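Engineer: based on what follows, work out the 3D shape:
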Amino acid sequence: MARRGLGIGSLLVAGAAAYAYYKYSQMSEQQRKDMVSNWKEKGQKLYDEYVPDNIKNMVAKKQGAGNGHPHASV
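Structural biologist: This next block holds a predicted model:
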């Protein structure tokens, strides 16, 4: 039996995305910059702690950075 149309899960995800967009559009420019900066810091921390060194070396070699951090210049 095939399901037709959108499921409740799809509608919930769409509603959450619409709410997130609304909240983002209401933020000041400084709040947006702070939020992005926070995400970058958390992403860098995750990268530093959980990505194996051999993968870091491959990424560094492909990007030519030489320091193992793909976002070191950001």
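Engineer: so for the helix or strand of the chain with the lowest mean pLDDT, what gets flagged as buried?
Structural biologist: Across the helices and strands of the chain, mean pLDDT, DSSP states H and E gives its lowest value to helix 53-63, namely a mean of 89. Applying a neighbour-count criterion of 16 or more other C-beta atoms under 10 Å, one finds Lys56, Ala60 buried in helix 53-63. C-beta here means a position set from N, CA and C on the backbone, and glycine is covered the same way.
Engineer: buried residues, the longest helix along the chain. List them.
Structural biologist: Counting by DSSP state H, the longest helix found in the chain is helix 29-50. Using 16+ other C-beta under 10 Å as the test for burial, helix 29-50 gives Tyr47.
Engineer: now do it against helix 53-63, angle only.
Structural biologist: 120 degrees (axes from the mean of the first three to the mean of the last three C-alpha atoms, to 10 degrees).
Engineer: pull the distance from helix 29-50 to the chain's centre.
Structural biologist: A distance of 9 Å separates the centroid of the chain from that of helix 29-50, by C-alpha atoms, centre = their mean, to the nearest Å.
Engineer: low-confidence ranges in the protein?
Structural biologist: 1-5, 65-74 (pLDDT under 70).
Engineer: can we see that at 80?
Structural biologist: By pLDDT under 80, the weakly predicted segments of the chain are 1-6, 64-74.
Engineer: so who does Ile55 touch?
Structural biologist: By C-beta atoms under 8 Å, 6 or more residues apart in numbering, Ile55 lies in contact with nothing.
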